[in-house]
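Q: just a sequence and a predicted model for now, questions to come.
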Amino acid sequence: MQYSADGQPEGTVMAPRPGFLATVFRDLGVPGVDGSPAAPDGPYGPDGSDGPPGAPAPGAGAPGVQDGADESVAAHARAAALTHHRTVSVRAEHDRLADLLRRAALPVSAMDFESQLRHYEPRPYPSAGQGGADADAEPRWEDFAPAEPAGAAPDEPPTRRLLDSGFQRELAQARLTHQRALREWRTRHAEAGRPAEDESRRAHEETEQARARAVREYNDSLEECRRAYRLAEPAAVESLLERALAAAETATQDLPAPCRAVFRPLTRTAVLDLDLPDLDLVPSLTGYRLAPDGDILPVPRPPADRATDYLRLVARLALRALQAADAVDTDEILAGVVLNGWLRESAGTEPLCLVSVDADRDALARTRLLPAAAPYEEHDGEGVYADAEQDEALVRLRQLGAAVTPDPYARAGVEPAALAGATVPSASDLSANEFAQLVRELLTRGGLEEWSVRLRGPAGLVATGEGAAGSALPGRWVVWASRGSGAVGEEEIRTLAEAVREESAERGLRLTTGRFSDEALDLTGEGEHQHIHLVDGDGVRELARTHLGLPLASGH
């Protein structure tokens, strides 16, 4: 008897040992692997028998087992394919977000008046050809005559050149071409005097005159708008700003984010209302996974990551709008810009302010509004998603003192820096920068120069200034201005008097948009506090009418 390499007689059938192969055979339904009874020996087995006469073949008695296993495998494959398909769809949403982040940070072009000018270029009459007026001159033989043979000597007689057969062919072809061109020219000039030709030429000239007139009228209207813009007329300033904001959206036309502008000549401030994209724009899932029982389960993203990615997009849209407004203001009409980002979910709900920026011209000039490098870069495998503290757009937005919602998906809004609804604003409608600008403008026109702000907040400011000897406000002053409807008491008057002594100033000015209590009025009548001057809300409105020629509403 022969033996195999493992010491067993050849022809001996070994039962699979426990392990990987045994598992495979068990899944395929092979009997005898997992303890089930093996088929009896037959002629095709070790003893050559095929089982008892009339007995079914092994496995033939349980066709449903095999069919059920095949169906289970097919169902699992279908679930796996569907899981992959859904995951690919989620990844496509992530890729779209990355592309929007990139395009939203592209620099905008300045839509100033110079860039909007049109230029007229006359178009020649079609019969004149591409060469202009000289193209319709009578064809000359000199322009068609062939060049002399290359081997001809200058002192060689002409008859010798005439015997050159190649030169003769070129000369004959040139004469035919010249004659054909001459005939076409004469035919064209003969038809030029026909009525149809004259009418066509007149129609062309009228069209060109209309084009030139349209360009001239457009440029004249643009120049008129520029004159009105330099005079700070609200309609002209708002028109220019909204053109610039619309042009800035061209890179992300598939992401509607309209921005409207309102200009307040009282403070020379533009208030921009930016409509933010839907919250559903940012994917809420990282993909899908297949559970052991065959269910397809979504894999959600951490809520903080989703909120951060939405704010990254909001920051880029806000910075782009600020850059467009700053770039178009080449004549420096604007003293500041207020931007409010509004989430408008449905017609029946109030809009929610998620971001608000109050920036003066100096702050905009100091800040690079958009990242200089690529706005979307992968950092250590983070992909599109980065920490909010590391996102450059959000950092720059916060450097402008912006108020940003901590969680947009929790509908946590922020207080708008200013509202653009009122045509004639009251002091409460103004932003902190607007109120500071208004106070400075009023007192500067009154003669107080060398203005220096020491403290500034949402409620008001503290500043120093010095007026010339012959002005309405001579000497060194300490100014404390605030806005509010409450009454200013005597304690604040005493505090201002101490600040005047600390600053070595001569006088103090307490300005409020509200009123003063009777005790405060009595205190300033005493000799110790007579150097403190008071201006209430009525006085502020009168100063605005006198020095600025513009009204300030009395609302609270």
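A: Cool, got the structure.

Q: beta partners for Gly287?
A: Per DSSP bridges, the residues bridged to Gly287 are Val299.

Q: quick check, central residue of this protein?
A: The centre of the chain sits closest to Ala104, judged by C-alpha atoms, centre = their mean, with a distance of 3.1 Å.

Q: phi first, then psi, for Pro303.
A: Here is the backbone geometry of Pro303 (degrees, to the nearest 10): phi -60, psi -30.

Q: and the next helix or strand past the lengthiest helix in the chain?
A: Taking DSSP state H as the criterion, the chain has its longest helix at helix 63-104. Following helix 63-104 in sequence order, the next helix or strand is helix 113-116 (DSSP states H and E).

Q: buried residues in that following helix, which are they?
A: The neighbour-count check on helix 113-116 (16 or more other C-beta atoms under 10 Å) flags Phe113 as buried. (Glycine included, C-beta is placed from N, CA and C.)

Q: which strands or helices does it pack on?
A: Here helix 113-116 touches helix 195-230, going by 3 or more C-beta pairs under 8 Å, 6 or more residues apart in numbering; DSSP states H and E.

Q: what's the mean pLDDT across the next helix or strand after the helix it packs on?
A: Using DSSP H and E, the helix or strand that directly follows helix 195-230 along the chain is helix 234-248. Helix 234-248 shows a mean pLDDT of 90.

Q: what angle sits between helix 234-248 and helix 63-104?
A: 140 degrees (axes from the mean of the first three to the mean of the last three C-alpha atoms, to 10 degrees).

Q: renumber starting at 26 from here on
A: All right, first residue 26 from here; so that's helix 259-273.

Q: what packs against the helix or strand just after helix 259-273?
A: Where DSSP H and E defines the elements, the next helix or strand beyond helix 259-273 is strand 284-289. Contact here means 3+ C-beta pairs under 8 Å, 6+ apart; on that basis strand 284-289 packs against helix 259-273, strand 294-300.

Q: winner for burial among the ones you listed?
A: Comparing these by mean neighbour count (mean count of other C-beta atoms under 10 Å), strand 294-300 comes out on top with a mean of 23.

Q: send me it as CSV with only the CA atoms.
A: Output in CSV follows, covering the C-alpha atoms of strand 294-300 (Å, rounded to 0.1, in the frame of the first residue of the first chain):
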residue,chain,number,x,y,z
THR,A,294,-22.6,103.9,7.2
ALA,A,295,-23.8,101.1,5.0
VAL,A,296,-26.0,98.4,6.6
LEU,A,297,-25.8,95.1,4.7
ASP,A,298,-28.4,92.4,5.2
LEU,A,299,-27.0,89.0,4.0
ASP,A,300,-29.4,86.1,3.5
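
Q: mind giving me the packing neighbours of it?
A: Looks like strand 294-300 contacts helix 259-273, strand 284-289, helix 328-353, strand 361-368, helix 457-470 (3+ C-beta pairs under 8 Å, 6+ apart).

Q: what lies in contact with that strand?
A: Residues outside strand 294-300 that contact it (C-beta atoms under 8 Å, 6 or more residues apart in numbering): 262-263, 266, 270, 281-289, 342-343, 346-347, 350, 359-367, 369, 443-445, 456, 458-459, 462.

Q: sheet partners, orientation included, of that strand?
A: If you go by DSSP bridges, strand 294-300 pairs up with strand 284-289 (antiparallel), strand 361-368 (parallel).

Q: next, the angle helix 328-353 makes with it.
A: 140 degrees.

Q: quick check: mean pLDDT across strand 294-300?
A: According to the model, strand 294-300 has a mean pLDDT of 94.

Q: ok, the closest residue in space to Gly426 that isn't next to it in sequence to Leu422 distance?
A: Nearest residue to Gly426, sequence neighbours excluded (C-beta to C-beta, 6 or more residues apart in numbering): Asp383, at 6.4 Å. When distance is defined by C-beta to C-beta, to the nearest Å, Asp383 is 12 Å away from Leu422.

Q: Val287 too?
A: Relative to Leu422, and taking C-beta to C-beta, Val287 is found at 21 Å.

Q: one more: Leu336?
A: Taking C-beta to C-beta, one finds Leu336 at 9 Å from Leu422.

Q: and for Leu455?
A: Taking C-beta to C-beta, one finds Leu455 at 21 Å from Leu422.

Q: what of Ile557?
A: Noted for Ile557: a distance of 40 Å to Leu422, by C-beta to C-beta.

Q: which of these two has more neighbours?
A: Taking neighbours as other C-beta atoms under 10 Å, Ile557 and Leu422 compare with Leu422 leading, 26 against 21.

Q: list the contacts for that one?
A: Shown in contact with Leu422 (C-beta under 8 Å, 6+ apart): 340, 343-344, 380, 382, 429.

Q: can you name the two of those that sit furthest apart?
A: Distances among the contacts of Leu422 were taken as C-beta to C-beta; the most separated pair is Leu344 and Val429, at 12.2 Å.

Q: settle it for me: which of these two has more neighbours?
A: Set side by side, Leu344 and Val429 show more neighbours around Leu344, with 27 against 19, by other C-beta under 10 Å.

Q: pLDDT score for that one?
A: 93.

Q: same deal with Val115?
A: Val115 is given a pLDDT of 93.

Q: ok, it touching Pro308?
A: Yes: Val115 lies in contact with Pro308 (C-beta atoms under 8 Å); the separation is 5.9 Å.

Q: which one of the two has more residues nearby?
A: Pro308 (21 against 18).

Q: doesn't the more buried one fall inside a helix?
A: No: counting by DSSP: H, G, I helix; E, B strand; the rest coil, Pro308 is located in no helix; its state is coil.
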